[in-house]
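**Student:** Sequence first, then the predicted structure:
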Amino acid sequence: MTEMTMGKALTAAMRRALADDDKTLVMGEDIGRLGGVFRITDGLQSEFGPRRVVDTPLAESGIVGTAVGLAFRGFRPIVEIQFDGFVYPAFDQIVSQVAKLHYRTQGRVKMPITIRIPWAGGVGAAEHHSESPEAYFVHTAGLRVVAVSNPQDAYTMLRQAIASDDPVVFFEPKRLYHAKGEVDLDADIADAAPMGLARVVREGTDVTVVTYGAQVTTALDAALAAEDEGISLEVIDLRSLSPVDYGTVAASVRRTGRVVVTHEAAREAGVGAEVIASITEKCFHYLEAPPLRVTGHDIPYPPAKLEQHHLPDLDRILDAVDRVLGRPSGVPEVTA
């Protein structure tokens, strides 16, 4: 086991993939000589050369479109979108081509493309640099969508994504790039938990808290604070947003009878809405209270000085916990 940051774990995963398969390559804006704006690809071009680690023009649609052509020819492209809000110019390629070509060709063509997206807020950046667009891709059939929350998952799941014959949209919470953890660099990805499985990261008995990405850390902090009041929170890291492991989630909700879902993205039509709808369908007779969402607000991402009021924090999660437990709440419930 080696202690490293999430950023270094992602670098190690790509280095291993490039070394293991000469059909694997990395593409993106400033990812070669510069090593990427977050330095996640630092050193890879000098090690594998400019034909394997490719500096592209500033054209996301062209980057993903080129990756589609490479996948047709048997390559496994790893595409970096420089910031979450820059993915929209590539949206047409992703939903019209990447997501559909395997189905359209009756399985004759595979799209083993990994689309890495530095994602979400908490780093003092503005709109186009702190957004949470995951629901767009979850809604698109033909894509796997994953979000990592710790260095080990970053390493293992990125290697699994690159090895997958399905296209994977891979969300990396940028505010966790410098978070450290133990990573087993020698782990066999075939023996690791599959990308599609959720993980219970903290067991509890009173309320199930479902989340993903950087919000896992916030939820764990909330669970620790709730423990001081004698409340036991079970925290589930979804890891995969499409497909969702509803088996793990439903098993937890059937034990606790109460559920709170939290994410940074806006409330309206977010991943939380789908998770709650599915939980209600699967666990209705086990629920002791209506499920609640704790999310970002339905506004464009705010300026850096205001983002602390936008991001779901420990207090907002604990308030939702109080409400599902029928305890007094200091925040009015949103009814419209």
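**Tutor:** Yep, it's here.
**Student:** Confirm that residue 26 lies within a strand, as I assumed.
**Tutor:** Yes: using DSSP: H, G, I helix; E, B strand; the rest coil, the assignment for residue 26 is a strand.
**Student:** Just the CA atoms of stretch 238-250, as CSV, please.
**Tutor:** In CSV, the C-alpha atoms belonging to stretch 238-250 read as follows (Å, rounded to 0.1, in the frame of the first residue of the first chain):
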residue,chain,number,x,y,z
LEU,A,238,-23.0,5.3,-4.9
ARG,A,239,-19.7,5.3,-6.9
SER,A,240,-21.7,4.5,-10.1
LEU,A,241,-24.5,6.9,-11.1
SER,A,242,-25.5,4.9,-14.2
PRO,A,243,-26.2,2.2,-13.5
VAL,A,244,-27.1,2.7,-9.8
ASP,A,245,-26.7,-0.2,-7.4
TYR,A,246,-30.2,-0.1,-6.0
GLY,A,247,-29.7,-3.5,-4.3
THR,A,248,-27.2,-1.9,-1.8
VAL,A,249,-29.3,1.2,-1.4
ALA,A,250,-32.6,-0.6,-0.9
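**Student:** Nearest residue to the middle of this structure?
**Tutor:** For the chain, the residue nearest the mean C-alpha position is residue 147 (1.7 Å; C-alpha atoms, centre = their mean).
**Student:** How about the contacts made by that residue?
**Tutor:** 119, 134, 171, 173, 212-213, 238-241 (C-beta atoms under 8 Å, 6 or more residues apart in numbering). The way it works is simple: take the backbone N, C-alpha and C, and place the C-beta from them, glycine included.
**Student:** cool, and residue 238?
**Tutor:** Per C-beta under 8 Å, 6+ apart, neighbours of residue 238: 147, 198, 210-212, 244-245, 249, 275.
**Student:** Which ones among those residues map onto helices?
**Tutor:** Under the assignment DSSP state H, those contribute 249, 275 to helices.
**Student:** Go through the contacts of residue 238 and name the one nearest residue 54.
**Tutor:** Proximity of these to residue 54 (C-beta to C-beta) peaks at residue 147, which lies at 25.5 Å.
**Student:** Extract the residue ranges of the stretch 51-200 of the chain that are flagged as low pLDDT.
**Tutor:** For the stretch 51-200 of the chain, no stretch has pLDDT under 70.
**Student:** could you measure residue 10 against residue 148, distance?
**Tutor:** Distance of residue 10 to residue 148, computed by C-beta to C-beta, to the nearest Å: 8 Å.
**Student:** between these two, which one's more packed in?
**Tutor:** residue 148 (29 against 26; other C-beta atoms under 10 Å).
**Student:** Longest helix in this protein, please.
**Tutor:** As assigned by DSSP H, the longest helix anywhere in the chain is helix 6-20.
**Student:** Check which residues of that one are buried.
**Tutor:** 6-18 (16 or more other C-beta atoms under 10 Å).
**Student:** possible to save those residues as JSON lines with pLDDT and distance to residue 231?
**Tutor:** Output for the buried residues of helix 6-20, formatted as JSON lines (pLDDT from 0 to 100; distance: C-beta to C-beta, whole Å):
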{"residue": "6", "pLDDT": "98", "distance to residue 231": "29"}
{"residue": "7", "pLDDT": "98", "distance to residue 231": "34"}
{"residue": "8", "pLDDT": "98", "distance to residue 231": "36"}
{"residue": "9", "pLDDT": "98", "distance to residue 231": "33"}
{"residue": "10", "pLDDT": "98", "distance to residue 231": "35"}
{"residue": "11", "pLDDT": "98", "distance to residue 231": "39"}
{"residue": "12", "pLDDT": "98", "distance to residue 231": "38"}
{"residue": "13", "pLDDT": "98", "distance to residue 231": "37"}
{"residue": "14", "pLDDT": "98", "distance to residue 231": "41"}
{"residue": "15", "pLDDT": "98", "distance to residue 231": "43"}
{"residue": "16", "pLDDT": "97", "distance to residue 231": "42"}
{"residue": "17", "pLDDT": "98", "distance to residue 231": "43"}
{"residue": "18", "pLDDT": "98", "distance to residue 231": "47"}
